[in-house]
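# pasting the sequence and the predicted model now:
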Amino acid sequence: MNEINNRLEQFIQDIEKAKQYLFKYIKKYNSPIHIYTHIDADGLAAGAILGKALYREKLPFQITILRQLEKEEIIKIAENGFSNLMIFSDFGSGQYLELQKELLLRGNDRHFIIFDHHLPQKISDKKEFQAIEDIHIETNPWHINPYFYRIDGSNEISGAGVCYYFAKSLNKSNIDLSKIAIIGAIGDIQNQGPNKSFSGFNSFILEDAKNAGLIEVVDDLNFSLIKPLNEAIAYSSDIKLPGLSNDANKTLKFLKTLGILMENADGNVRTLNDMNKDEKQKISSAIIEYATIKLNIDPHEIIEKLIVNKYLLIDENNSELHDVEDFSNLLNACGRTDNGSIGIAIAMGDRKNAFEQAKESLINYKKSLLTALNWINEKEKIQHKKYIQYFFGEDVVPENIVGTISSMLILDEGNKIDKNKPIFGCALRIDEDVYKISGRAHEKIVAKGVNLSEAIREALSLSKLDTLGGGHPPAAGTKVPSKQIEIFLENLNKVIEKQLNF
């Protein structure tokens with residue numbers, strides 16, 4: 001514990017330097033601070049935290065949401081006629097050399113700060129301690145990244161978490177933004193400990209949220225609190241029950257046989273939120289019995305997945321955003337349906353028009369995911385090379401959801417996806433003749449040495465493509481000209497072969 005506390009202390013000291021850097025240069029620019037952030041739940045949460053913190057300091061700001069921070073986008077930012085202090089949140093580390101070159105070294109005199117949690121550019125493994133330390137020294141104080149303190153950005157702190165610590169350095173009262181940081185962390189699936197617990201700096205952020213009376217952590221069934229319970233069980237991504245999964249009618253009949261009243265007074269199917277403690281006990285016992293007797297699943301295995309930590313927002317007690325996971329899903333839906341500004345407004349506290357619009361985005365988002373998954377499975381769109389598997393989105397899987405689809409496929413407990421190979425989703429961009437590539441790898445092959453961030457960068461180099469790419473070992477992405485997609489995939493196959501056989 002002393003070691004991680006020391007790392008946190010070093011991290012906070014650098015956050016303070018970044019704050020001083022901001023105040024030093026903000027006086028130079030007679031224009032709002034320009035925040036650039038990513039479209040996913042973590043990026044929107046990060047943007048909302050920064051926006052709220054700056055608003056409270058009466059510092060004018062504007063927020064731009066980007067699908068990726070690509071080289072062309074950086075050049076465009078550098079060439080615009082505005083003079084702003086800039087903050088890059090939930091991206092920037094993987095592009096820091098381009099940002100430095102275009103904004104600092106070419107005489108533009110454009111100052112910026114990076115708050116990110118991805119591996120820095122040209123770093124392929126978190127164990128490259130000396131190279132990471134060199135970047136830390138070179139880019140201090142304008143570059144904040146957990147890897148500088150030997151904290152894993154893939155599961156110990158998210159982009160929103162980094163921004164939260166900056167917000168807290170601006171004003172201690174910003175502790176109330178800790179809940180938004182936890183929403184961002186769950187959006188990046190960082191609650192990967194036993195029973196979906198947090199580790200690293202995330203655990204400190206959670207303590208802030210609990211101590212401030214913002215979040216309650218409870219043991220509960222691992223299903224959505226707000227969906228009709230039969231649908232929550234039938235379409236769970238974590239718990240697969242052949243004979244019940246993907247069939248809401250059979251699941252409803254299963255629940256009714258337990259003697260539980262399944263309808264509210266208005267005739268709607270009850271949710272998990274509507275169930276009392278005894279009813280939940282009946283449901284958990286019945287599922288455990290079903291899984292162990294009918295499916296021959298080890299009791300410990302099903303219990304581990306069935307009973308997990310739920311993170312509940314105390315001030316959203318009667319809201320559809322009570323469960324942090326549901327809040328995170330809503331933000332992700334906003335970003336992926338080109339409504340990121342609505343997501344940021346909600347995270348900053350808007351519960352009126354923005355919330356109603358966001359719910360519509362969530363419905364459309366879920367429909368697009370279901371359509372895409374059904375199409376991939378029914379049309380058998382997964383293609384294989386010896387060491388990788390991949391699919392082309394064609395006109396069904398657009399760029400804005402290809403990463404989510406790749407994640408859902410690799411995490412699916414069914415047998416349709418080979419967990420021994422990473423999967424790469426390839427979606428053709430509408431306004432450019434390139435494929436957006438989103439790679440995902442199951443944790444068991446990451447443990448064997450697969451690193452998608454490194455693999456994508458090396459495959460780009462082998463393919464002679466001057467394109468940015470990277471992310472985390474289990475999740476990374478880039479873009480590839482459509483004419484070179486086949487050679488890029490073949491090079492990916494070679495790189496993954498090398499990683500697995502190293």
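Cool, the structure landed.
# only C-alpha atoms from now on, for both contacts and neighbour counts.
OK.
# on the pLDDT front, check the residue most central in space within the chain for me.
Geometric centre of the chain, nearest residue: residue 188, 2.6 Å, by Cα atoms, centre = their mean. Residue 188 carries a pLDDT score of 94 in this model.
# need phi/psi at it.
phi -90, psi 10 (degrees, to the nearest 10).
# tell me the contacts of it?
Residue 188 is in contact with 41-42, 158, counting by Cα atoms under 8 Å, 6 or more residues apart in numbering.
# mark which of the residues you listed are buried, thanks.
Among the contacts of residue 188, those buried by neighbour count (16 or more other Cα atoms under 10 Å) are 41-42, 158.
# what about residue 390? Give its phi and psi, please.
With angles defined as degrees, to the nearest 10, residue 390 sits at phi -160, psi 160.
# correct me if wrong: it contacts residue 384.
Yes: the criterion here is Cα atoms under 8 Å, and residue 390 meets it with residue 384 at 6.4 Å.
# distance of residue 57 from residue 22?
Counting by Cα to Cα, to the nearest Å, the separation of residue 57 from residue 22 is 13 Å.
# who has more neighbours out of those two?
residue 22 (20 against 11; other Cα atoms under 10 Å).
# immediately after the one helix or strand that one maps to, which helix or strand?
Per DSSP states H and E: residue 22 is located in helix 2-26. Going down the chain from helix 2-26, the next helix or strand is strand 33-38, by DSSP H and E.
# give the pairing partners of that next one; include direction for each.
Strand 33-38 sits in its sheet next to strand 61-66 (parallel), strand 86-89 (parallel), going by DSSP bridges.
# show me what the helix or strand containing residue 361 is packed against.
Using DSSP H and E, residue 361 sits within helix 353-378. Where contact means 3 or more Cα pairs under 8 Å, 6 or more residues apart in numbering; DSSP states H and E, helix 353-378 is packed against helix 324-336, helix 340-347, helix 399-411.
# quick one: end-to-end length of stretch 189-205, please.
Note: stretch 189-205 ends 15 Å apart using Cα to Cα.
# quick one: contacts of it?
4, 8, 151-152, 154-158, 161, 178, 181-182, 185, 304-305, 307-309.
# out of the residues you listed, which end up buried?
Counted by 16+ other Cα under 10 Å, these give 8, 151-152, 154-158, 161, 178, 181-182, 185, 305, 307-309 as buried.
# just these: which are in strands?
Of the buried ones among the contacts of stretch 189-205, the ones assigned to strands by DSSP state E are 307-309.
# between those, which sits nearest residue 62?
residue 309 (35.8 Å; Cα to Cα).
# quick one, what contacts that closest one?
195-197, 217-220.
# for it, which non-adjacent residue is closest in space?
residue 219 (4.8 Å; Cα to Cα, 6 or more residues apart in numbering).
# next secondary structure after whichever strand or helix holds that neighbour?
Residue 219 is part of strand 215-221, with elements assigned from DSSP H and E. Going down the chain from strand 215-221, the next helix or strand is helix 229-234, by DSSP H and E.
# now the following helix or strand past that following helix, how far from the centre of its chain.
Next helix or strand after helix 229-234 toward the C-terminus (DSSP H and E): helix 248-256. Relative to the chain's own centre, helix 248-256 is displaced by 32 Å; criterion: Cα atoms, centre = their mean, to the nearest Å.
# going by neighbour count, list what's buried in helix 248-256.
248, 251-252, 254-255.
# next: stretch 233-253.
233-237, 239-241, 244-246, 248, 251-252.
# and those, which two are the farthest apart?
Checking the buried residues of stretch 233-253 with Cα to Cα, the most distant pair is 237 and 252, at 17.7 Å.
# quick one: residue 209 and residue 180 touch, right?
No: the pair residue 209 / residue 180 is not scored as a contact, 9.3 Å apart, by Cα under 8 Å.
# the more surrounded of these two?
The neighbour count for residue 209 versus residue 180, taken as other Cα under 10 Å, is higher for residue 180 (26 against 22).
# quick one, what contacts the more buried one?
45-46, 49, 160, 347.
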